[in-house]
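Asks: With the sequence up front, the predicted model follows.
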Amino acid sequence: MVAGDGECRDDEAAMPLKLAAIAAILVASIAGVAIPLAGRRRRFLRPDGGGFAFVKAFGAGVILATGFVHMLPEAAESLADAAMPARELPEFPFAGFAAMVATLGTLVLDFVGTTFYEREHGAEKGNQKEARVGVWSSGSGELDGNAMHTIGVPAHATAHGEMGGGAVPSHVRHVVVSQILELGIVSHSVIIGLSLGVSQDPCTIGPLIVALSFHQFFEGFALGGYISQAQFSSLKETVMACFFALTTPAGIGVGLSVASFYDPDSPTAMAVEGLLDSISAGILIYMALVDLIAADVLDRLKNSTISLQVVSYVALFSGAGLMSVLALWA
């Protein structure tokens with residue numbers, strides 16, 4: 001992510017740039033993740049509106065490009081450099097293999113997590129039904145002594161998550177998606193921050209501040225869109241948003257503290273960085289293709305208008321394109 005130090009190495013000049021990077025990236029991350037969370041109360045970004053469909057499609061493109069264009073090539077380069085001193089190692093695409101293993105692991109985690117939340121939700125709903133039969137339905141405003149109403153599930157959960165036939169509301173799915181997505185993004189953000197923190201090259205750090213700020217803004221924008229649909233409590237939403245926003249600045253801080261003795265060009269450091277990037281790439285590629293594009297964006301577009309379909313595809317390609325362009329600098 002950060003070019004190696006060369007003729008432009010200057011420890012004193014790099015320090016204020018790193019402090020500026022912490023502030024700029026923190027603000028960009030907070031803004032990116034907060035816009036979808038705060039904007040959902042506005043008509044334009046309501047979960048059932050066209051604006052939110054644009055946000056989710058754009059975010060899916062961002063996540064896809066992050067995995068394919070940013071992480072996987074960097075992982076391959078780091079692992080190849082780490083293997084250079086050990087000539088006896090066979091030539092093997094370790095980055096692709098690690099990404100594949102991470103993708104399969106994410107599949108298992110996705111299945112287990114979804115199954116767990118579905119069973120937990122079903123058991124909770126069953127207990128509530130046994131405790132109360134004939135409750136006041138806030139959706140219809142009528143008291144029905146014979147009907148079993150869903151208790152404890154907000155009305156808008158049933159509006160965009162099919163409840164018929166005993167199906168689990170879509171917010172249960174979004175709980176799993178948002179948490180796995182944050183795992184993949186945060187693990188990559190740690191590497192970004194650490195690499196920037198240990199760099200002593202102001203010629204590289206300066207341009208990276210702008211590029212990484214946009215990078216974190218787009219990722220936060222994508223993550224915030226999915227957190228907002230999971231129906232977490234306000235406290236948990238805040239914790240998840242802050243965890244994302246603080247990860248890269250914290251990584252820069254750690255990099256600053258270990259810069260005097262940490263060698264980012266050592267085989268061990270490159271191997272660890274390459275492995276983490278490979279795992280992150282596998283997680284995000286799976287999430288983008290399976291959970292975000294196939295199961296969310298495309299499913300939502302099936303019964304939508306032609307104009308919304310066109311706008312969503314434009315958003316998807318725009319997100320992927322803009323994030324890919326950022327790879328020129330970060």
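Replies: Arrived safely, thanks for sending.
Asks: shouldn't Leu326 be in contact with Leu208?
Replies: No: judged on CB atoms under 8 Å, Leu326 makes no contact with Leu208 at a distance of 10.5 Å. For the C-beta atoms, the positions are set from N, CA and C on the backbone; glycine is no exception.
Asks: With neighbour numbers in mind, choose between the two.
Replies: A side-by-side neighbour count of Leu326 and Leu208, using other CB atoms under 10 Å, places Leu208 first with 23 against 20.
Asks: Quick one: mean pLDDT over the strand or helix carrying the more buried one.
Replies: Using DSSP states H and E, Leu208 falls within helix 202-227. For helix 202-227, mean pLDDT rounds to 87.
Asks: Ok, stretch 308-327 next?
Replies: 92.
Asks: Show me which positions of the helix or strand Leu104 falls within end up buried.
Replies: For Leu104, the element it lies in under DSSP H and E is helix 94-131. For helix 94-131, a neighbour-count test (16 or more other CB atoms under 10 Å) marks 94-96, 98-100, 102-103, 106, 109-110, 113-114, 117-118, 121, 125, 128 as buried.
Asks: still on that earlier bit, distance between the helix holding Leu208 and the chain's centre?
Replies: 12 Å (CA atoms, centre = their mean, to the nearest Å).
Asks: Give the buried residues for it.
Replies: For helix 202-227, burial by neighbour count (16+ other CB under 10 Å) applies to 202-205, 208-209, 211-227.
Asks: swap in stretch 280-294?
Replies: Buried residues in stretch 280-294 (16+ other CB under 10 Å): 280-293.
Asks: Which of the residues you listed fall in helices?
Replies: Of the positions in these, Ser280, Ala281, Gly282, Ile283, Leu284, Ile285, Tyr286 sit in helices, assigned by DSSP state H.
Asks: So the second one versus Val62, what's the distance?
Replies: This means Ala281. The gap separating Ala281 from Val62 is 14 Å, by CB to CB, to the nearest Å.
Asks: And Ser29, by the same measure?
Replies: Distance from Ser29 to Val62, counting by CB to CB: 13 Å.
Asks: ok, now Glu74?
Replies: Per CB to CB, Glu74 is found 17 Å from Val62.
Asks: Please identify which of the two sits among more neighbours.
Replies: Comparing Glu74 with Val62 by other CB under 10 Å, the one with more neighbours is Val62, at 32 against 23.
Asks: Does the strand or helix carrying that one pack against any helices or strands, and if so which?
Replies: Counting by DSSP H and E, the element that carries Val62 is helix 50-65. Helices and strands touching helix 50-65, by 3 or more CB pairs under 8 Å, 6 or more residues apart in numbering; DSSP states H and E, are helix 11-39, helix 202-227, helix 267-286, helix 298-301, helix 306-325.
Asks: Return the set of buried residues in stretch 256-270.
Replies: Leu256, Ala259, Pro264, Ala269, Met270.
Asks: Centre of the chain to it, how far?
Replies: From the chain centre to the centre of stretch 256-270 is a distance of 27 Å (CA atoms, centre = their mean).
Asks: could you dump that stretch to CSV, C-alpha only?
Replies: Only the C-alpha atoms of stretch 256-270 are listed here, as CSV (Å, rounded to 0.1, in the frame of the first residue of the first chain):
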residue,chain,number,x,y,z
LEU,A,256,4.3,5.4,14.5
SER,A,257,5.2,3.6,17.8
VAL,A,258,7.0,0.8,16.1
ALA,A,259,8.6,2.7,13.2
SER,A,260,12.0,2.8,14.9
PHE,A,261,12.4,-1.0,14.9
TYR,A,262,9.8,-2.4,12.6
ASP,A,263,11.1,-3.4,9.1
PRO,A,264,8.1,-3.5,6.7
ASP,A,265,10.5,-5.0,4.1
SER,A,266,11.4,-8.0,6.2
PRO,A,267,10.2,-11.4,4.9
THR,A,268,8.2,-12.0,8.0
ALA,A,269,6.4,-8.7,7.8
MET,A,270,5.7,-9.1,4.1
